[in-house]
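S.K.: Generate a structure from the sequence data that follows.
(one chain, ligands or ions: 6)
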Amino acid sequence: MKLAIVFLCTLGIATAYPSFQFERDSMYYWSCSTQLFHSVAYCDGDYNFTCACTNPNALATMAGCLAYGHKNTSSNLAQWESNCLLNGEVTFEEGWFDVAYNYYLENAVNISQIPDFNASEKIDYPIIYDPRDIDLWRYAYYQYLGNYDNALYYGSGALAYWLMIMLFGAINAWSRVMFPGLIKKLNWGPINWWREYISMPATFRKKKAQEQKILKIFDVLIPTRYETIVIFLFYGYILAVHCVKMHYVKEVSLFSSKYEFQLRNVADRTGIVATVIMPLVFLFSGRNNFLQWLTGWHFSTFMTYHRHIARVMFWLVVIHAVTFTVEYKTIYAEEVSEPFLYWGIIATVAAGVMLIQAMLFLRRRWYEIFLLLHIVLAAFYIAGTWIHVIDYGYGPFCYATIAPWCFDRAVRLARLAFFGFPKAKVTLMANEVIKVVIPKPSYWKPIPGGHAFIHFLKPTYFWQSHPFTYVDSSDKSSIILFCKVKGGITHSLYKLLVKSPDQTTTIRVGVEGPYGESSSGRYSDTAVFIASGNGIPGIYSELIDIAKHLSTETKQTLKLIWIIRNYNSLEWFAEELEALRGTPVETTIYVTRAETIINDDEDVVEKDDSLSKLKTEKEEENHGSIKSRFDHIDFRQGRPSIEEIIADKTQASHGSIAFVTCGHPAMVDEVRYFTCKNINNPEKKRVDFFEQVQVWA
Ligand SMILES: Cc1cc2nc3c(=O)[nH]c(=O)nc-3n(C[C@H](O)[C@H](O)[C@H](O)COP(=O)(O)OP(=O)(O)OC[C@H]3O[C@@H](n4cnc5c(N)ncnc54)[C@H](O)[C@@H]3O)c2cc1C
Ligand SMILES: NC(=O)c1ccc[n+]([C@@H]2O[C@H](COP(=O)([O-])OP(=O)(O)OC[C@H]3O[C@@H](n4cnc5c(N)ncnc54)[C@H](OP(=O)(O)O)[C@@H]3O)[C@@H](O)[C@H]2O)c1
Ligand SMILES: *[C@@H]1O[C@H](CO)[C@@H](O)[C@H](O)[C@H]1NC(C)=O
Ligand SMILES: *[C@@H]1O[C@H](CO)[C@@H](O)[C@H](O)[C@H]1NC(C)=O
Ligand SMILES: *[C@@H]1O[C@H](CO)[C@@H](O)[C@H](O)[C@H]1NC(C)=O
Ligand SMILES: *[C@@H]1O[C@H](CO)[C@@H](O)[C@H](O)[C@H]1NC(C)=O
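M.R.: Ligands and ions are numbered 1, 2, ... in the order given. Predicted coordinates for the structure are as follows:
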């Protein structure tokens, strides 16, 4: 299946390119034709094709020009024929070129031998151009029309750049699976340096899963340092290819000034590069993107790149629009009524609005509105672009954009249908956690550590799909989600459940998945899984899957660390914690606020009076019974020091060690930071970090 998709996509790209008409093929016609109209006068009026295509002297001059350097190729002659037909309603007879060329050979005159040659006066003989002039005209045209081809190559270079980055990703991901033994040994000098300073850390200190706050409204997500470098190299590449091959040939009058020439060149190039990278922007944003499987990158990583490539695309389009408008301001008012132009404007505006409506601040607060608007605007963007470029031959790039989009949507529907639409048992548990038990068909195999998108089929929100990690039920007949109550759909469910008897109800659900992949933590000698709060389900299902497949004589150590606010959380995850009994997993649970009472608003109230003292005593009793119930688990009170945990576990490991983490963004960022600090350890143990949390909103 996946291979088929790879094959289809490759085929799509491979067929798009050859069907493209390269300007370079007919460039020499344009060069000679313009030189003819500019240098000598055979006819009345500017660009009088009716005359130039019939006047034997004009034809002969043209033939001589084309024959210089043997550029009388069939595509150049065809271009001449079609221009004569289009602009002068002239059709040629078979063999016209040979006739014209023979006439040229017999009658042509060397301009430099005519004293006081006046280019504005009509003449009645063919002209032999100075080869240097022809070369200059050709060079000028190479800068102008050759730019169309070059822009295509620059755009393709951008695609190749991302292909290369993805290949690095694929090598990294697949080598971990195929040569885990080798990877463990890769812990010396340059590789450790690379991992400590480039591939693992956040760009600045700890901010990766957490957003960087900027005046609240301008909050941003900052990628990892490696991703930042990849993005900056991409920016650099785009900048560089817009600075080269922009030589103005001042000796010929193709453009009225260097400024006009550069405006046009930049306009053409930015427009074409933006069109060529467009498929990437759309491909990266799809859930069913085979590249995820190839590279092992998270969907959120693709989202990061999607945002940056989209920004680059937008600014290229803006430059394209501004430069063309400035250059052709005199005919703008007249042209703007042409569909190709006003649809171009619609697309540009849609893209601009998208950039603003997709700000993290808006995405976070009104995710569903963001998404809906984003899809509608994207449709306008691609429709506008299509109409704008189709007549110029750039249709293949539009097809390559729309095809994966439609494909993604189709696969999503197929996945939903594949799962069926079972009735799920939905229960409100302690600590505002909603437990959703969804019966699954036997042929649906969950990915340990993966996630699925859930539709709750109620009239007001059936169309929303939210990602959740899941746990396999013990009898494998269902998957179980643990959803923290937040402000949107989870809050609606909460309100519904509070009113329901036993705080339980059944709701029909649609499940789209499984998505995501297990981390490569399983290949380490010690795997430490660290979760906080509701980050536990994915971590747990990955861990339990490893534990199940462990052979008896293995030396692998499995550790689970779960950080929760209070003991109530144990209630909703009790069955799963029970199931850890008898497994080799060493579990530690940190309860960070056991000594405080949490009221309904989740505000933390410090205990201070006698009432709370009483309550505390009672709680202490409860804690005692909980601890005896889960006597296979080590309970600790207070917030753990991630720094110490990582250093201790690394030291205690008998070989390589991996930290796999999900949960509170600040916690995940700390784990990343301190894992990185431990890459260079005295015993030269390989230390890995796998972030299982995904943040794209
Ligand atoms: C891969 C993945 C796995 C997850 N697994 C779990 C889990 O096991 N348990 C759990 O409690 N939570 C999990 N989450 C978070 C969960 O998806 C959100 O809490 C949920 O979508 C919030 O829904 P809401 O409408 O109530 O939120 P809102 O109050 O509307 O939004 C709260 C926040 O959730 C995020 N969010 C909202 N909708 C989406 C969406 N459709 N896609 C992505 N992010 C969204 C936004 O950042 C938003 O700020 C997971 C998220 C991801 C990306
Ligand atoms: N994207 C995904 O893949 C994915 C998957 C599953 C879940 N989720 C989301 O992940 C979140 C899970 O977190 P939560 O909100 O449920 O957690 P939470 O209730 O906020 O609890 C976080 C716990 O971690 C502790 N903690 C926070 N920062 C820490 C740090 N730097 N070092 C040590 N301990 C720290 C807290 O201690 P204190 O009490 O001392 O603060 C608290 O006990 C949820 O929002 C869930 O929706 C995402
Ligand atoms: C073009 O040339 C033809 C003669 O070949 C002439 O009849 C016609 O008037 C010219 N057109 C213009 C616009 O000068
Ligand atoms: C180009 O011109 C040469 C003569 O210089 C001739 O032999 C050749 O056939 C021409 N090519 C085409 C495609 O007409
Ligand atoms: C045209 O004449 C000039 C000056 O006599 C000479 O230098 C040049 O080579 C001639 N060009 C051709 C194409 O014969
Ligand atoms: C060239 O010819 C035009 C029209 O015949 C005339 O107006 C102009 O003065 C001439 N230029 C020169 C430099 O002789």
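
S.K.: only C-alpha atoms for contact and neighbour calcs from this point on.
M.R.: Noted.

S.K.: Any stretches of this protein with poor pLDDT?
M.R.: Within the chain, the segments meeting pLDDT under 70 span 1-22, 595-621.

S.K.: Residues of it that sit close to ligand 5?
M.R.: 110, 112-113, 128, 130 (CA under 6 Å from any ligand atom).

S.K.: show me where the stretch 451-600 of the chain has strands.
M.R.: 451-456, 466-472, 478-484, 504-515, 526-532, 557-564, 586-591, 597-598 (DSSP state E, counting those that start in this stretch).

S.K.: For Tyr47, which of the ones you listed is the nearest?
M.R.: strand 504-515 (61.2 Å; CA to CA).

S.K.: Next, see if the closest one gets close to ligand 2.
M.R.: No - using CA under 6 Å from any ligand atom, strand 504-515 never reaches ligand 2; the gap is at least 11.1 Å.

S.K.: Any residue of that strand touching ligand 1?
M.R.: No - Strand 504-515 is not in contact with ligand 1 by CA under 6 Å from any ligand atom; minimum separation 8.5 Å.

S.K.: buried stuff in that strand?
M.R.: Buried residues in strand 504-515, counted by 16 or more other CA atoms under 10 Å: 504-505, 507-515.

S.K.: and that strand, which strands flank it?
M.R.: strand 423-429 (antiparallel), strand 451-456 (antiparallel) (DSSP bridges).

S.K.: between the ones you listed, which gets nearest to Thr301?
M.R.: strand 451-456 (15.5 Å).

S.K.: Contacts for that closest one next, please.
M.R.: 461-470, 507-516, 538 (CA atoms under 8 Å, 6 or more residues apart in numbering).

S.K.: same deal with stretch 541-553?
M.R.: Residues contacting stretch 541-553 (CA under 8 Å, 6+ apart): 448-449, 470-472, 518, 522, 529, 558, 560, 580, 583-585.

S.K.: Among those residues, which one sits closest to ligand 4?
M.R.: Set against ligand 4, the nearest of these by CA to the nearest ligand atom is Ser518 (60.9 Å).

S.K.: Quick check: that closest one vs ligand 1, distance?
M.R.: 12 Å (CA to the nearest ligand atom, to the nearest Å).

S.K.: ok, now Phe92?
M.R.: 63 Å.

S.K.: which residue sits closest to Tyr523 in space, ignoring its chain neighbours?
M.R.: Nearest residue to Tyr523, sequence neighbours excluded (CA to CA, 6 or more residues apart in numbering): Pro180, at 6.1 Å.

S.K.: Which positions within stretch 63-82 qualify as buried?
M.R.: In stretch 63-82, counting by 16+ other CA under 10 Å, buried: 63-66, 71-72, 75-77, 79-82.

S.K.: Residues contacting that stretch, please?
M.R.: With CA under 8 Å, 6+ apart as the criterion, stretch 63-82 contacts 25-29, 32, 91-92, 97, 100-101, 104-105, 128-129, 131, 134.

S.K.: rerun that using 7 Å as the cut-off
M.R.: 25-26, 28-29, 32, 97, 100-101, 104, 129 (CA atoms under 7 Å, 6 or more residues apart in numbering).
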